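K.L.:
need a structure here:
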Amino acid sequence: MLEFYALILISIAYALTAVYIDLKERVIPDWLNYLAVLACFALSIMTSSAFEFTIIAAASFVFAYVLYKLGVWGGGDVKFFVGLNSLMFFLTGFNWLGIIYLFFASAILSIPLLIVVHFRELIELRKKFNIIETFKQAASSSISSAAIASLLLFLRVNFNISVIVFILLLAVFFVLKIPFYLSVILLLGGLYFYGIVALEFLALALGISFVAIVLIQAFSITSRDILRKKIKIEDLKEGMIPADNLFVEKGVVKEISFFEMLNLSMKGIKPKPLITTNAEGLEKNEIKELKRMKVKQISVKESFPFAPFLAVGFFFMVFLWIVVK
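P.N.:
The predicted model follows:
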């Protein structure tokens with residue numbers, strides 16, 4: 001138990017130091033991340049878990065590095081992610097699933113944090129929120145998931161399993177958007193077999209869906225309208241991160257989405273990449289090429305530190321593990 005509390009204190013010191021430096025200097029020093037990983041590796045040798053630890057650390061690095069290449073975050077965030085996963089391995093005993101837990105916890109918790117930070121700007125853009133459409137979008141997925149969850153209870157499936165299925169179906173039906181009439185049929189079946197419980201599930205589902213969609217809309221508006229701005233080519237500087245991937249197709253510079261790229265690839269057409277949303281930012285030669293192609297302006301991302309989100313996700317998962325255990 002003493003070991004556990006010592007690791008908690010080390011984790012707090014490590015995370016807070018990384019967050020403070022990232023917020024102040026917009027960089028997480030390598031020595032801090034290397035120290036955390038090496039300390040965990042030494043602990044893995046003492047606890048005879050070096051092989052398993054090495055696999056987890058390597059897997060977390062590969063996962064984070066792929067996101068880095070996709071332009072999600074910077075190199076320092078990759079190493080910080082590995083450091084946090086290394087500590088979580090000893091604090092919670094999570095194996096490779098800890099990588100997924102940490103990422104999604106950080107991603108989900110980052111949405112309300114971003115909204116708080118940019119609340120004033122979001123209020124000014126409130127007309128872009130469509131509350132009625134949000135409710136309609138939430139209704140079908142909520143009705144279907146509530147109905148199936150209540151039917152599971154009728155079939156005497158364990159309550160906890162029914163709740164887990166309910167949450168998963170809520171997400172699945174939101175993505176798939178099944179026909180509304182089918183949702184109503186399912187709800188009638190749920191009401192017939194399990195009565196008031198189906199309505200309780202429905203009320204809960206509507207509440208979760210409504211809040212989730214508002215958060216998603218707010219995050220989308222923040223990313224699209226607040227965390228990006230148009231910059232003239234002559235004002236571009238090295239390190240600025242492009243908001244869009246630009247390609248050269250038949251001598252013309254244009255933005256091409258991922259799905260458009262797939263479609264063109266299937267036709268044997270491979271547009272030449274001009275700039276990509278690389279987390280390392282623009283280089284001198286890329287800015288020169290943009291000028292040569294006579295591009296007038298591009299959108300760039302307003303960068304923000306990821307360390308606070310990763311740290312919050314880390315402590316949330318450790319706290320959750322302690323509570324569940």
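
K.L.:
all helices of the chain, in order?
P.N.:
2-25, 30-46, 50-69, 75-92, 97-117, 119-124, 131-154, 159-176, 180-194, 196-221, 258-266, 284-292, 307-324 (DSSP state H).

K.L.:
so which of the ones you listed comes closest to Ile275?
P.N.:
Closest to Ile275 of the helices of the chain is helix 284-292 (Cβ to Cβ; 5.3 Å). Any C-beta I mention is one placed from the backbone N, CA and C, and that applies to glycine too.

K.L.:
hmm, back to that, mean neighbour count, the helices of the chain: which tops it?
P.N.:
Using mean count of other Cβ atoms under 10 Å, the stretch among the helices of the chain with the largest mean neighbour count is helix 75-92, at a mean of 24.

K.L.:
picking up where we left off before, and of the helices of the chain, who's closest to Ile231?
P.N.:
Nearest of these (Cβ to Cβ): helix 284-292, 10.6 Å.

K.L.:
for Leu32, give me its contacts.
P.N.:
Neighbouring residues of Leu32 by Cβ atoms under 8 Å, 6 or more residues apart in numbering: 14, 17-18, 21, 83.

K.L.:
correction: Leu102
P.N.:
81, 84-85, 88, 310, 313-314, 317.

K.L.:
and for Cys40?
P.N.:
When contacts are counted by Cβ under 8 Å, 6+ apart, Cys40 touches 53, 57, 83, 86-87, 89-90.

K.L.:
burial of the nearest residue in space to Leu67 that is not next to it in sequence, as a residue count?
P.N.:
Distance criterion Cβ to Cβ, 6 or more residues apart in numbering; nearest residue to Leu67, sequence neighbours excluded, is Trp73 at 6.2 Å. Residues lying near Trp73 (other Cβ atoms under 10 Å) number 20.

K.L.:
if I look at the most centrally placed residue in the chain, how far off is Met46?
P.N.:
What sits nearest the mean C-alpha location of the chain, by Cα atoms, centre = their mean, is Ala107, with 3.2 Å. For Ala107, the distance to Met46 equals 33 Å [Cβ to Cβ, to the nearest Å].

K.L.:
check Lys294 too.
P.N.:
Counting by Cβ to Cβ, the gap from Lys294 to Met46 is 62 Å.

K.L.:
list just the nearest of the contacts of Cys40 to Pro305.
P.N.:
Gly83 (15.5 Å).

K.L.:
so what's that closest one up against?
P.N.:
Here Gly83 is in contact with 14, 18, 32-33, 36-37, 40 (Cβ under 8 Å, 6+ apart).

K.L.:
widest-spaced pair of these?
P.N.:
Spatially, the most separated pair among the contacts of Gly83 is Ala18 and Cys40, at 14.7 Å (Cβ to Cβ).

K.L.:
what lies in contact with stretch 286-304?
P.N.:
Contacts for stretch 286-304 (Cβ under 8 Å, 6+ apart): 26, 114, 117, 226-234, 236, 238, 240-244, 246, 248, 253, 274-275, 277.

K.L.:
export it as CSV, just CAs?
P.N.:
Taking Å, rounded to 0.1, in the frame of the first residue of the first chain, the C-alpha atoms of stretch 286-304 are listed here in CSV:
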residue,chain,number,x,y,z
GLU,A,286,6.7,24.4,-47.8
ILE,A,287,6.0,28.1,-47.3
LYS,A,288,8.1,28.8,-50.4
GLU,A,289,6.2,26.2,-52.4
LEU,A,290,2.9,27.8,-51.3
LYS,A,291,4.2,31.2,-52.6
ARG,A,292,5.4,29.6,-55.8
MET,A,293,1.9,28.0,-56.4
LYS,A,294,0.4,31.5,-55.8
VAL,A,295,-1.7,30.4,-52.9
LYS,A,296,-3.1,33.6,-51.3
GLN,A,297,-4.0,32.3,-47.8
ILE,A,298,-4.5,29.1,-45.8
SER,A,299,-6.2,28.1,-42.6
VAL,A,300,-3.9,27.4,-39.6
LYS,A,301,-4.7,25.7,-36.3
GLU,A,302,-4.6,27.7,-33.1
SER,A,303,-2.5,25.3,-31.1
PHE,A,304,-3.3,24.4,-27.5
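
K.L.:
quick one: mean pLDDT over that stretch.
P.N.:
Averaging pLDDT along stretch 286-304 yields 75.

K.L.:
same question, stretch 308-316
P.N.:
Rounded mean pLDDT across stretch 308-316 is 89.

K.L.:
need the helices of the chain in JSON lines (columns: distance to Val300).
P.N.:
Output for the helices of the chain, formatted as JSON lines (distance: least, Cβ to Cβ, whole Å):
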{"stretch": "helix 2-25", "distance to Val300": "20"}
{"stretch": "helix 30-46", "distance to Val300": "26"}
{"stretch": "helix 50-69", "distance to Val300": "18"}
{"stretch": "helix 75-92", "distance to Val300": "19"}
{"stretch": "helix 97-117", "distance to Val300": "18"}
{"stretch": "helix 119-124", "distance to Val300": "17"}
{"stretch": "helix 131-154", "distance to Val300": "30"}
{"stretch": "helix 159-176", "distance to Val300": "30"}
{"stretch": "helix 180-194", "distance to Val300": "41"}
{"stretch": "helix 196-221", "distance to Val300": "18"}
{"stretch": "helix 258-266", "distance to Val300": "19"}
{"stretch": "helix 284-292", "distance to Val300": "11"}
{"stretch": "helix 307-324", "distance to Val300": "21"}
